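A.B. asks: predicted structure and sequence below. I'll ask about it afterward.
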Amino acid sequence: MTRRPGLQTEIPFEALDPEYIRMEGARKQALDQGRTRLLVTGVMLALAFVVLGGRLIDLTQNGKSGAPQWRARALAKVQSSVVTRGNVVDRNGNILATSLPTQSLYMDAQEILAGIDPGEAVDKLIAVLPDLNRAALIAKLEAGGRFQWVSRNLTPDQVWAVNRLGLPGFGFRDEERRVYPYGPTYAHVLGYTDVDGRGLSGIERKFDDRLGNLGETVELSIDMRVQSILYEEVSKAKARFSAIGASGVVMDASSGEVIAMVSLPDFDPNQPSGVMGTRGFNRATLGVYEMGSTFKLFTTAMALDTGTVDLTDGYDASEPIRIARFTISDYHGKKRWLSVPEILVYSSNIGTAKMAVDVGAEKQKEYLTRLGLLGSTEVELPELGTALYPARWSELSTMTISYGHGIAVSPLQLVSGVSALVNGGVKIPPTLLKRSPANPLSGTRVLKPETSKKMRSLMRMVVRSGTGKKADVQGYLVGGKTGTADKQVAGRYDDTALISSFVGAFPMIDPRYVVLVLVDEPKGIKETFGFATGGWVAAPAVKAVIERMGPLFGVVADGRTKDAEENPGHPLFVPATSPPKRPEIIGEGVRRAIY
Amino acid sequence: MTVRAGILRHTTVLFLVLAGGISVLLFSVKYQVRDLETDYKRLSKELNLERRAVHVLHAEWATLNDPKRIGELAAQYLDMVPIAPAQVVGPDAVLEIPVREINFGEGPDGDPQTSGKTP
């Protein structure tokens, strides 16, 4: 900082150091300015490099928005599926419905008209796709739309043939086609989709969002093997008795899962036509029928549960009941006093009606509601029927409903109710989805466990020695109840048009499955001596189903013969007859007293 | 002064060499990335084709697995029949198996042999 006077010819290098130089005036100003500019520029550049460096690190770490996301892409590749709509699988993972990638042909009329003669183009196209309608296609062309479908879901061969023509204005779009490998077998369970892949009925419609938008797989409670067996046996029964329709349900009694469900007539969901009439009608869940005698199970159960009767009690069934202008009589009439087991075994309308009157209309309503028989069918399908019964519940209604007339329920409601009777008395909402063991069952108790135990014995007895003999499978301890109801035709009961059904469960010691077969308007044949009742029509079908499905689930047959069940020590033993209560016959004529 | 100039010169050379080295590295990495990208695209395409094929084959398998079809084929080519309910037995059935009488050292070679007699 010292001042150096005098002139110097050589300036030492050190002198350039600002420490040694001190200038004044314009020169100093210029130099300071230059230095400041240099500093500012330097800082700016440094900052720019810092920003660039930061960006570089950022890009390396996260990538540019909009640019290919390597990490995300690698993940997406693993997750994304070939098709957007999810599969429907059975409880063992077998595919019941899937989508296949296909290509569909569209045309841009403007481009075609600008290029070649439309007639010529259409002729060439029809040469490779003969199903097309020439006139309709030309009309479409002349309308001049820029995007019109020509043909949907072509095979790879057809796509190749069309491409080979090299026609301008035609193009392909990737699409999906819904495929049902087992055709009509699952028609009413799965439903079907339209050409754009939107669910129109059944599971496809109910879970359209999960299948279509989320692409999830829907796992059903259906077992493919049992469904196939049930479909075959119900079809056989329908054909054998020239019936107009039939349906069948197999349910897991303890979980409410529907193992198989069939409704005939049906359709092929691979080729759904717009108007299907009765073929599109799900008889198992949407159709409601007067079930007839199978309802006696519920009446007997409520009478036992309320303590109105015990197994040793009974009713006089020798005379038909006359009420209002109706007569209630027995089909298999015994014309004598019947014990409670006998009323069920011989399917006595008179006895059941008397039992129901003793239970009372209020209790009857309450039990039927709890068993889910007065509401609508509950299951994961859009096609659900609601029970029909008289708004005014008169004494006559109580009587007829006790044996299944004057009330109509869907087959699924009936099966679900019977499941509650045999599984220990717990009503579990039926489901078509596989229950995961993690989800606890949400059942409600409707009957005492002892009542359920008695019902099992009674149902077994119906098959052992009553109207359901034809459903018995040696060793499986099948129990059940037949039902035969006259159909209402034009407001009157027609005794030639029947609904014949059988609902059974097995093995009766601890029932695992409930099976129902219902046949609509069966015609009697020579082998059944002209009979078309539940015992002749539906019971053999249920037997065939149980016989075939039992071994699949490893159900062990009881080695004991039927005679063992007549032994009072057997768990399913029921005393068939016991003397009537004396007071009932006191004062009656001698003819009655000796029944 | 000379020391300082020397350092400057050396630094320049060093940086030039570094810059050159990094450029070579950068180029090689760039080309490597390009090759990998091509591979990746090719593999993705192949993978998609395979996935498509697998998906279609699953559907085909389902069609071929139709119980009705298998039943018909079994009836045509196999001598087997469905299991009858009586053939399924519980664990206690083991106790019902008849006992064979076993005689040791009576065979021609002195090997243990079963007589085949049941008590």
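C.D. replies: Right, received. Where do you want to start?
A.B. asks: quickly check: stretch A:472-479 near chain B or not.
C.D. replies: Yes. Using C-beta under 8 Å from any C-beta of the partner chain, stretch A:472-479 reaches chain B at A:Val473, A:Gln474, A:Gly475, A:Tyr476. No exception for glycine: its C-beta is placed from N, CA and C like everyone else's.
A.B. asks: contacts for that stretch, please.
C.D. replies: Residues from elsewhere that reach stretch A:472-479 (C-beta atoms under 8 Å, 6 or more residues apart in numbering or on different chains): A:422, A:456-464, A:468, A:471, A:504-509, A:511, A:542-543, A:546-547, A:550, A:555, A:557-560, A:565, A:572, B:85-86.
A.B. asks: low-confidence ranges, the chain, go.
C.D. replies: Here I'm looking at chain A. Applying pLDDT under 70 to chain A flags residues A:1-24, A:63-81, A:274-275, A:576-595.
A.B. asks: please refer instead to chain B.
C.D. replies: Along chain B, segments meeting pLDDT under 70 span B:1-4, B:105-119.
A.B. asks: which residues are in contact with A:Lys523?
C.D. replies: Going by C-beta under 8 Å, 6+ apart, the list of residues near A:Lys523 reads A:Phe241, A:Ser242, A:Ala243, A:Ala532.
A.B. asks: next, count neighbours for the closest residue to the first one other than its chain neighbours.
C.D. replies: Closest residue in space to A:Phe241, ignoring its immediate chain neighbours: A:Pro522 at 3.4 Å, by C-beta to C-beta, 6 or more residues apart in numbering or on different chains. Per other C-beta atoms under 10 Å in any protein chain shown, the neighbour tally for A:Pro522 reads 28.
A.B. asks: please apply the same query to A:Ala539.
C.D. replies: Counted with other C-beta under 10 Å, A:Ala539 comes out at 30.
A.B. asks: ok, the closest residue to A:Ile428 other than its chain neighbours - contacts?
C.D. replies: Counting by C-beta to C-beta, 6+ apart, A:Gly256 is the residue found nearest to A:Ile428 once chain neighbours are left out, at 3.6 Å. By C-beta under 8 Å, 6+ apart, the residues touching A:Gly256 are A:Ser416, A:Ser419, A:Ile428, A:Pro429, A:Pro430, A:Thr431, A:Arg435, A:Leu441, A:Gly443.
A.B. asks: the longest strand seen in chain A pairs with which strands, and in what direction?
C.D. replies: Counting residues, the longest strand found in chain A (DSSP state E) is strand A:492-506. Taking DSSP bridges as the criterion, strand A:492-506 forms sheet pairs with strand A:479-489 (antiparallel), strand A:513-520 (antiparallel).
A.B. asks: a markdown table please, covering those strands and showing mean neighbour count.
C.D. replies: Shown next, in a markdown table, are those (neighbours: other C-beta atoms under 10 Å in any protein chain shown):
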| stretch | mean neighbour count |
| --- | --- |
| strand A:479-489 | 24 |
| strand A:513-520 | 28 |
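A.B. asks: switch those strands over to TSV; also include distance to A:Thr278.
C.D. replies: Shown next, in TSV, are these (distance: least, C-beta to C-beta, whole Å):
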stretch	distance to A:Thr278
strand A:479-489	15
strand A:513-520	10
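A.B. asks: wait, which of the ones you listed is closest to B:Lys30?
C.D. replies: With distances scored as C-beta to C-beta, the stretch of those nearest to B:Lys30 is strand A:513-520 (67.6 Å).
A.B. asks: I'd assumed A:Val463 was in contact with A:Gly504.
C.D. replies: Yes. With contact defined as C-beta atoms under 8 Å, A:Gly504 and A:Val463 form a contacting pair (7.0 Å).
A.B. asks: which neighbours do those two share?
C.D. replies: Both A:Gly504 and A:Val463 are contacted by A:Ala471, A:Val478, A:Gly479, A:Gly480, under the criterion C-beta under 8 Å, 6+ apart.
A.B. asks: measure the nearest residue to the second one once chain neighbours are set aside to A:Phe553 for me?
C.D. replies: Right, A:Val478. In space, and not counting its chain neighbours, A:Val478 is closest to A:Phe506: 4.6 Å by C-beta to C-beta, 6+ apart. Between A:Phe506 and A:Phe553 the distance, using C-beta to C-beta, to the nearest Å, works out to 10 Å.
A.B. asks: out of the two, which sits in the more crowded spot?
C.D. replies: Remark: of A:Phe506 and A:Phe553, A:Phe506 carries more neighbours, 33 against 14, as counted by other C-beta under 10 Å.
A.B. asks: before we move on, what SS does whichever residue of the stretch 251-400 of chain A sits closest to chain B have?
C.D. replies: Closest contact between the stretch 251-400 of chain A and chain B, by C-beta to the nearest C-beta, is at A:Asn270 (10.6 Å). The local conformation at A:Asn270, judged by DSSP: H, G, I helix; E, B strand; the rest coil, is coil.
A.B. asks: go ahead and confirm it touches A:Tyr180.
C.D. replies: Yes. Between A:Asn270 and A:Tyr180 a contact is recorded at 5.3 Å, counting by C-beta under 8 Å.
A.B. asks: what about the two, which has more around it?
C.D. replies: Using other C-beta under 10 Å, the more surrounded residue of A:Asn270 and A:Tyr180 is A:Tyr180, with 27 against 16.
A.B. asks: can you tell me, leaving aside adjacent residues, what's nearest to that one?
C.D. replies: A:Tyr180 sits nearest to A:Pro269 (C-beta to C-beta, 6+ apart), 4.6 Å away.
A.B. asks: what does chain B put close to chain A?
C.D. replies: Counting by C-beta under 8 Å from any C-beta, chain B sits next to chain A at B:1, B:44, B:47-48, B:51-52, B:55-56, B:58-59, B:61-63, B:65-68, B:82-90.
A.B. asks: show me which of these are buried.
C.D. replies: Buried members of these, counted by 16 or more other C-beta atoms under 10 Å in any protein chain shown: B:His55, B:His58, B:Ala59, B:Ala62, B:Asp66, B:Pro67, B:Pro85, B:Val88.
A.B. asks: hang on, the earlier thing: now do the phi/psi pair for the residue nearest to A:Phe241.
C.D. replies: phi -80, psi 150 (degrees, to the nearest 10).
A.B. asks: I figured it hits A:Val537, correct?
C.D. replies: Yes. Applying C-beta under 8 Å, one finds A:Pro522 in contact with A:Val537, separated by 4.6 Å.
A.B. asks: near chain B, which residues of the stretch 51-200 of chain A show up?
C.D. replies: Contacts of the stretch 51-200 of chain A with chain B, taken as C-beta under 8 Å from any C-beta, map to A:77, A:81-83, A:94-96, A:98, A:100-101, A:179, A:181-182, A:185.
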